[in-house]
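# got a structure for you, letters missing:
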């Protein structure tokens, strides 16, 4: 069972920053991130995961004034990831970077650089910018349409991988005696000329230790799943029920053969928001304490933002109107929240509080045994290859998970006792892609 | 006297990587960079400096096969800088990033992030891409003209600073009791709509500890000097003779009043390539050892690349043809090399060897006293506010400088015995720019 530690400044609960134990400036507190990363490494997590947004999420500043976590006041993740590489030695390092407002050469270089700095521990969570506020920071008047963003992302990913393959693994003999530093015969510049990008190359850094840094994706829409099936090695997803998680898992794995890929070449890691207590009562008390810290306006703002509709004119203790379903029919995460509201008959207020807590992810409040049971069930029942753990608070929520749940998982033989390899690929059991020469010799070895 | 440590993988000498003591893989060896950065910090350098090129410099791969340092196999500098921030605690951290193929929002965010990670030690060496090979990696068929690149750079710098000023210094109260995380009244999004950029903002990270990371520039052309006079706080430049260095120094400082700036708001740091020995003979022997490692083709390639002309059809022991002067009339660094050749009557071979060694920078081979004398003269005679030290080899050349030259400079009272402040601005004696509210109250306090 693979484990990711999804690091959000003060934790994933919307009111985490108000908790008495919280470092409210966590978003720009490197010592905080370093401590949390080390904690995850000590618990032998496979990877840590950083989200991103190239602009604040939202534009209603009166509402945003109460948010610590809408990408208003946080480190930029690639600089943070590079810094975290030096204070850890084993854990994988995954950061999000959008294909919508970056250039493939720039991102290929940065992830290759972090893979070298970290000795083969880098992963790239490839996303398209879903936050329309970003467009205005990059010269646009409007957010590019979903289909255009995914078309760009698909070509972008191909260019980045071709750039990582610019050099064969042994292209740099660095032979002092002969004075030969590099061997041009082992260079393969992409010379890419596609619909959206024209990139000659070669990339000006040797092939990354992992060949390709691990490619992660988090889009669960139809286009997102197709891109994931074609290119991703890890998929992060939000799934509420076992049945939903199984359907997603099966659906994605079934897409793989069309791209010549096997089921075990993609690890599916649903998010889990675990609130751990030694007893059920203790866990519930922890959760209640956080829920009580949610300012009344915050829950509603999160829900409105997530659904992409205004709800403030509606009775807060009434149900969501039916019309909301149609507006959001194509958006995977929104559908998830609507399903939750319909299934449990939640009022707007109740749904808002639910979403504000775990932000639409699978929430489990309980003892270490109960949480391990829930994870084991999904792992064994074809719903997950592991989980991206979203601690409600940091470092507290991660400490709880590491101290109480990890030993329980280990006792059941679900997670290993120590790292067995050096790279993120090793941790996840993903093959290292052969270089261009290797693929020419053994075409079947291509990833 | 300000001191920069210009870190080039194996050192600045073109054959440094072939030296018996060299780590030939230095460009992607983080332990090497960490050790060298710590060494510079122990010697109380004000800053370390990383150059960049978003593509290999040059395209003749038979020649490039002998180069360790033409940006073929090196870390990307912003990821490296962030990583170095964590293994140092006092030294300033300056990296080069081009305005030609980046977006202002992205760079503003990254440097702000590194300034937060490092506690106020970041600096940005703002350049335009002089290397035409970069264009082909970013969708272009041709290198943008010099004037266009500088016009873009000027607007780019203004947008970046406006983004850094998106938030007043105290815009994030993070008050747990009231639930107010940020104060929108203290937000000032740039809402920039100019000729080349349209950027709404705000930047999604609090104002950097230094207000603005220190802005460095290295272009010495007419347009480069104007941009430096308008915006730079540190200028890195290549100057051969005392007279040339004085003329450049005076010329740049005289431009400042037109932009409402004082002479001490810009620190001019010419490069120095010091080869240090306990005796003159020892220094010369060190230099000769390196020169002998230059492969015959390498010197000529560097010279051709630097001059932008082909010379291989000419007699190598003859002089440069007169026509080369005209081709290069507008390019500051090339003019410098031509002046050197004319002044000393150098043949193509001799100039090639000279340029291959110090790459066109001021080269001083001698004892610690001789090198300190040369530096002191330029410092006292209005030619420099300090120096960007370009060690011939790394770590050896920096160790020599730190162990022998720095104590000599310290004994003369030219450099301090320890850091006196926390930020790069403190080290350099540069004022921290007031935030938007501060500038509104005290307009004269604007930088």
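That came through, no problem. Computed from a predicted model, the values in this text were never measured in an experiment.

# could you list the low-pLDDT ranges of the stretch 151-300 of chain A?
Along the stretch 151-300 of chain A, no part satisfies pLDDT under 70.

# all helices for it, in order.
A:222-231, A:242-255, A:280-292, A:296-307 (DSSP state H, counting those that start in this stretch).

# for chain B, find the nearest of these.
The closest of these to chain B is helix A:296-307. By Cβ to the nearest Cβ, the value is 7.7 Å. For the C-beta atoms, the positions are set from N, CA and C on the backbone; glycine is no exception.

# for the closest one, packing partners?
Counting contacts by 3 or more Cβ pairs under 8 Å, 6 or more residues apart in numbering or on different chains; DSSP states H and E, helix A:296-307 packs against helix A:61-64, helix A:332-344, helix A:348-358.

# residues in contact with the last one?
By that I understand helix A:348-358. Contact with helix A:348-358 is made by A:12-15, A:273, A:287, A:290-291, A:294, A:298-300, A:302-303, A:306, A:311, A:314-320, A:337, A:340-341, A:344, A:346, A:363, A:390, A:392, as judged by Cβ atoms under 8 Å, 6 or more residues apart in numbering or on different chains.

# ok so, going back, can I get the helices of the stretch 151-300 of chain A in TSV including mean neighbour count?
Output for the helices of the stretch 151-300 of chain A, formatted as TSV (neighbours: other Cβ atoms under 10 Å in any protein chain shown):
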stretch	mean neighbour count
helix A:222-231	20
helix A:242-255	17
helix A:280-292	16
helix A:296-307	21
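
# and of those, who's closest to residue A:408?
Residue A:408 lies closest to helix A:280-292 among the helices of the stretch 151-300 of chain A, at 13.7 Å (Cβ to Cβ).

# any chance you could list what contacts the closest one?
In this structure, residues lying in contact with helix A:280-292 by Cβ under 8 Å, 6+ apart are A:13, A:15-16, A:19, A:275-277, A:353, A:357, A:365-367, A:370, A:392-393.

# with stretch A:8-21 instead?
The contact list for stretch A:8-21, computed with Cβ under 8 Å, 6+ apart, reads A:6, A:22-24, A:26-27, A:32, A:51, A:67-69, A:74, A:273, A:289-291, A:293-295, A:298-299, A:302, A:356-359, A:361, A:390-394, A:396-397, B:174, B:176, B:179, B:181.

# among those residues, name the buried ones.
A:6, A:22-24, A:26-27, A:32, A:51, A:67-69, A:74, A:273, A:290-291, A:293-295, A:298-299, A:302, A:356-359, A:361, A:390-394, A:396-397, B:174, B:176, B:179, B:181 (16 or more other Cβ atoms under 10 Å in any protein chain shown).

# quick one, strands of the stretch 301-447 of chain A?
Using DSSP state E, counting those that start in this stretch, the strands found in the stretch 301-447 of chain A span residues A:362-366, A:386-389.

# right, I mislabeled it, should have said the stretch 151-300 of chain A
Using DSSP E, counting those that start in this stretch, strands in the stretch 151-300 of chain A cover A:192-193, A:198-199, A:214-217, A:234-237, A:267-276.

# alongside chain B, which residues does the stretch 251-400 of chain A contribute?
Listed as neighbours of chain B in the stretch 251-400 of chain A under the rule Cβ under 8 Å from any Cβ of the partner chain: A:293, A:295, A:298.

# got the contact list for the second one?
In other words, residue A:295. Residue A:295 touches A:15, A:66, B:179, counting by Cβ under 8 Å, 6+ apart.

# closest to residue A:383 out of those?
Checking those against residue A:383 with Cβ to Cβ, the nearest one is residue A:15 at 29.1 Å.

# and the contacts of stretch A:373-389?
Contacts for stretch A:373-389 (Cβ under 8 Å, 6+ apart): A:1-6, A:45-46, A:49, A:236, A:239, A:242, A:245-246, A:248-250, A:267-272, A:274, A:364, A:366, A:398, A:401, A:405, A:409, A:412, A:414.

# out of the residues you listed, which end up buried?
Members of these classed as buried by 16+ other Cβ under 10 Å are A:1-6, A:45-46, A:49, A:236, A:239, A:242, A:245-246, A:248-249, A:267-272, A:274, A:364, A:366, A:398, A:401, A:405, A:409, A:414.
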